[in-house]
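**Q** got a predicted structure here, sequence first:
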Amino acid sequence: MRTVVVAVPHLIGRGRRRRRAQDQAAALLRISEAIDDYLYTNEHLPGGGRSSVFSGPNREKLMGGPVPTGSDVAREWERLIHPDDWDEHLAHRERLGRGEPSEVIYRLRGYDGRTRWIHARTRSHREHGRLFVDGIVSDITARREAEEALLQAQDELRGQVELNAHQATHDSLTGLGNRRKLLADLELLLADHEARDHAVFVLCDLDGFKLYNDTFGHPAGDALLVRLGRRLEAATAGRGLAYRLGGDEFCVVCRDCEDPEGLCATVADALTDRGEAFAVTTAWGLCPLRDVRDAGAALSQADQRLYEQKGRGRRSISGQVVDVLVAALEERDPHLGLHLNDVGELAVVVGRRLGLDAAQADVLRHAARLHDIGKLAIPDEIIRKPAPLDGEEWTFMQQHPVIGERILATAPALGDAARIVRSSHERFDGTGYPDGLQGREIPLAARIVSVCDAFDAMIGPRPYRDGVSVAEALAELTACAGTQFDPEVVAAFADVVREGRVPSAA
């Protein structure tokens, strides 16, 4: 007997559909396992609740562990959302409830104690009146941390750039604007022709600060500069901007100054400090900006007026010591005393041309006036000999810079000047004395003294010859530039002569 199989069409179709659904579910599961993202489908119930329809295998990675038995996945998920991000999640739910696609980023505090940043991308759809939401959730913690690290690095870089810009234009000790900022501010102000008519520039130089620094030490000196800088800034607040140019030089730019002399008095008071064992005061030079065309001219004019005032003011203690020593030289040789005073004034003019600040110029003046102080130990028959010295006499004479250094070194306030005096008879080519220094091994101040000393000696009379003209002396300096003298110093000296600022040439 043959068996006959009768196929029922509707049963066969149902079986195929079931197998196809099973295949699709298996494929979805394989895809879910193959990717790092978490796939899910939830049904939004009419009463506001949610029911999990499908939950991919990567859910536990995001939640930090399995959902407790018997717990609703959707509710547990919401329970783990960071409280600070709850409003973002609610807005996300509202968009889904309206049937709109939505995405959201928030933090999830997992069962394992870790907080993860997640990015959920969802869309909703309705089937037979029921609302379903399909979602893809990604763990973006690493990306978020990298972004935050990048933002932090950018903030740090921005802060460093701002700090570098501030440091480039401000004095590191006092925090006031520095020379670079001053020049930039002056140029901007001078470009405003209306504003410059009422603006003034005040340059200040502390008197007595070097002695304070030498006596009490550099830390105490720095602390004093900081204190004076703060006082100056406070005294000029609302009236002008304060700057420190370096050393003991301060200045103020006032854009709209109705009382220049009153401003100067305020500045001088702010830069004055006294104690039982010290007194630091200030000299100032005032330059109305309507009188100048550029920042360099403003600095030059204020500097010139500052030194005019310093010349009229009371001498510092170190200056008084220098006066006493020069007086001792004058008692022995009146011509030598005049020569030293001329060299001192010449040296300051040339030193300022070469960029020395006020404090350095003061040291240079002292060294220039005392560069021959060691001659106090040289016998009269050598000093006053009306003929060139012989070999033995010249060898003895060459010791006077060393003797001069020892004399000045006994006064702490003249320590820097003492070192300049020792090198004041060196030659640029290295054949000078007492140490045979060459080129820039010789301190700049000593190179300046050498040129000014030679010039004044040439134009002044000597026991064995008459002086030469200024033109002849300048020609001799130029001829010896590079051998006896520093060419840069000679060039600066020539500029000073052409400007008629050489005292002995007047």
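**A** Nice, I can see it.
**Q** what's the local residue count around Cys480?
**A** Per other Cβ atoms under 10 Å, the neighbour tally for Cys480 reads 17. Just so you know, the C-beta spots here come from the backbone N, C-alpha and C atoms, and that holds for glycine as well.
**Q** which ones are touching it?
**A** 454, 490 (Cβ atoms under 8 Å, 6 or more residues apart in numbering).
**Q** can you give me the pLDDT of it?
**A** Listed pLDDT for Cys480 reads 95.
**Q** with Gly175 instead?
**A** 92.
**Q** show me the contacts for it.
**A** Gly229.
**Q** quick check: phi and psi on Phe485?
**A** The phi/psi pair for Phe485 (degrees, to the nearest 10) reads phi -120, psi 160.
**Q** likewise the one 3 residues further on?
**A** In this entry, Glu488 is assigned phi and psi values of phi -70, psi -40 (degrees, to the nearest 10).
**Q** burial of it, as a residue count?
**A** Neighbours of Glu488 (other Cβ under 10 Å): 15.
**Q** same deal with Arg227?
**A** 12.
**Q** and this protein, what are its domains?
**A** Structurally, the chain divides into domains by automatic domain parsing as follows: 27-141, 174-304, 317-505.
**Q** ok, the closest residue to His400 other than its chain neighbours to Arg427 distance?
**A** Nearest non-adjacent residue to His400, counting by Cβ to Cβ, 6 or more residues apart in numbering: Gly374, 3.4 Å away. The spacing between Gly374 and Arg427, counted by Cβ to Cβ, to the nearest Å, is 18 Å.
**Q** for the residue nearest to Arg130 when sequence neighbours are not counted, give the beta-bridge partners.
**A** Of all residues not flanking Arg130 in the chain, Glu43 sits nearest, at 6.1 Å (Cβ to Cβ, 6+ apart). As for beta bridges, Glu43 partners with Ser51, Phe132 under DSSP bridges.
**Q** can you tell me how far Glu43 sits from Val73?
**A** From Glu43 to Val73 the distance is 12 Å (Cβ to Cβ).
**Q** and what of Asp222?
**A** Taking Cβ to Cβ, one finds Asp222 at 68 Å from Val73.
**Q** can you check Arg59 too?
**A** 7 Å.
**Q** which residues of this structure fall in strands?
**A** 38-44, 50-55, 102-109, 115-127, 130-139, 200-207, 241-246, 249-254, 273-275, 278-288 (DSSP state E).
**Q** so for Phe485, which of those strands sits nearest?
**A** Evaluated over these, closeness to Phe485 peaks at strand 241-246, with 27.2 Å, by Cβ to Cβ.
**Q** off-centre distance for the closest one?
**A** Relative to its chain's centre, strand 241-246 lies at 13 Å (Cα atoms, centre = their mean, to the nearest Å).
**Q** also stretch 182-192?
**A** 20 Å.
**Q** which of the residues in it are classified as buried?
**A** 182-183, 185-186, 189-190 (16 or more other Cβ atoms under 10 Å).
**Q** what does it contact?
**A** By Cβ under 8 Å, 6+ apart, stretch 182-192 touches 169, 177, 195-196, 199, 201, 241, 243, 245, 251, 253, 255, 289, 292-295, 298.
**Q** Trp117 - how many residues pack around it?
**A** 20.
**Q** surely it meets Asp139?
**A** Yes. Using Cβ atoms under 8 Å, Trp117 makes contact with Asp139 at a distance of 7.4 Å.
**Q** where do the contact lists of Arg59 and Val73 overlap?
**A** In contact with both Arg59 and Val73: 40, 67, using Cβ under 8 Å, 6+ apart.
**Q** of the two, which one has the most company?
**A** Arg59 (19 against 16).
**Q** quick check, pLDDT for that one.
**A** 87.
**Q** can you check Gly113 too?
**A** pLDDT, Gly113: 93.
**Q** how close does the residue lying closest to it once chain neighbours are set aside get to Leu206?
**A** Nearest residue to Gly113 in three dimensions, chain neighbours excluded: Gly64, at 7.2 Å (Cβ to Cβ, 6+ apart). Distance, Gly64 to Leu206, using Cβ to Cβ: 68 Å.
**Q** which one of the two has more residues nearby?
**A** Leu206 (25 against 16).
**Q** that one contacts Asp248, correct?
**A** Yes. Assessed by Cβ under 8 Å, Leu206 is found in contact with Asp248 at 3.8 Å.
**Q** which stretches in the stretch 151-300 of the chain count as helices?
**A** For the stretch 151-300 of the chain, helices defined by DSSP state H, counting those that start in this stretch occupy the ranges 179-191, 193-196, 209-216, 218-236, 260-270, 295-312.
**Q** counting contacts, what elements does the last one pack onto?
**A** Contact partners of helix 295-312 among helices and strands, from 3 or more Cβ pairs under 8 Å, 6 or more residues apart in numbering; DSSP states H and E: helix 179-191, strand 200-207, strand 278-288.
**Q** cool, the shortest one as well?
**A** Other elements packing on helix 193-196 under the criterion 3+ Cβ pairs under 8 Å, 6+ apart are helix 179-191.
**Q** the helix it packs on to strand 249-254, inter-axis angle?
**A** 30 degrees (axes from the mean of the first three to the mean of the last three Cα atoms, to 10 degrees).
**Q** what about helix 179-191, average pLDDT?
**A** 91.
**Q** do the same with stretch 438-456
**A** 93.
**Q** give the buried residues for it.
**A** 442-456.
**Q** got the CA positions of that stretch in PDB?
**A** Output of stretch 438-456 as PDB, limited to C-alpha atoms (Å, rounded to 0.1, in the frame of the first residue of the first chain):
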ATOM      1  CA  GLN A 438      90.200  91.300  25.000                       C
ATOM      2  CA  GLY A 439      87.100  92.500  23.200                       C
ATOM      3  CA  ARG A 440      83.900  91.900  25.000                       C
ATOM      4  CA  GLU A 441      85.700  90.300  27.900                       C
ATOM      5  CA  ILE A 442      86.200  93.900  29.000                       C
ATOM      6  CA  PRO A 443      83.100  95.200  30.800                       C
ATOM      7  CA  LEU A 444      81.100  97.600  28.600                       C
ATOM      8  CA  ALA A 445      81.400 100.400  31.200                       C
ATOM      9  CA  ALA A 446      85.200 100.000  31.200                       C
ATOM     10  CA  ARG A 447      85.300 100.200  27.400                       C
ATOM     11  CA  ILE A 448      83.300 103.500  27.600                       C
ATOM     12  CA  VAL A 449      85.600 104.900  30.300                       C
ATOM     13  CA  SER A 450      88.600 104.100  28.100                       C
ATOM     14  CA  VAL A 451      87.300 106.100  25.100                       C
ATOM     15  CA  CYS A 452      86.100 109.000  27.200                       C
ATOM     16  CA  ASP A 453      89.400 109.100  29.200                       C
ATOM     17  CA  ALA A 454      91.500 109.100  26.000                       C
ATOM     18  CA  PHE A 455      89.400 111.800  24.400                       C
ATOM     19  CA  ASP A 456      89.600 114.200  27.300                       C
END
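**Q** please report how far the residue most central in space within the chain lies from Gly175.
**A** Per Cα atoms, centre = their mean, the C-alpha nearest to the average position across the chain is that of Gln167, at 2.2 Å. Noted for Gln167: a distance of 10 Å to Gly175, by Cβ to Cβ.
**Q** could you do Arg130 as well?
**A** From Arg130 to Gly175 the distance is 70 Å (Cβ to Cβ).
**Q** got it, and Ala411?
**A** 34 Å.
**Q** can you check Gly208 too?
**A** 23 Å.
**Q** buried stuff in stretch 253-264?
**A** Applying 16+ other Cβ under 10 Å to stretch 253-264 flags 253-255, 257, 260, 263-264 as buried.
**Q** picking that back up, so which of the buried residues of stretch 182-192 is the closest to Asp486?
**A** Scanning these for proximity to Asp486, where the rule is Cβ to Cβ, the winner is Leu183, at 26.7 Å.
**Q** look up how far Asp84 lies from that closest one.
**A** Leu183 is 51 Å from Asp84, by Cβ to Cβ.
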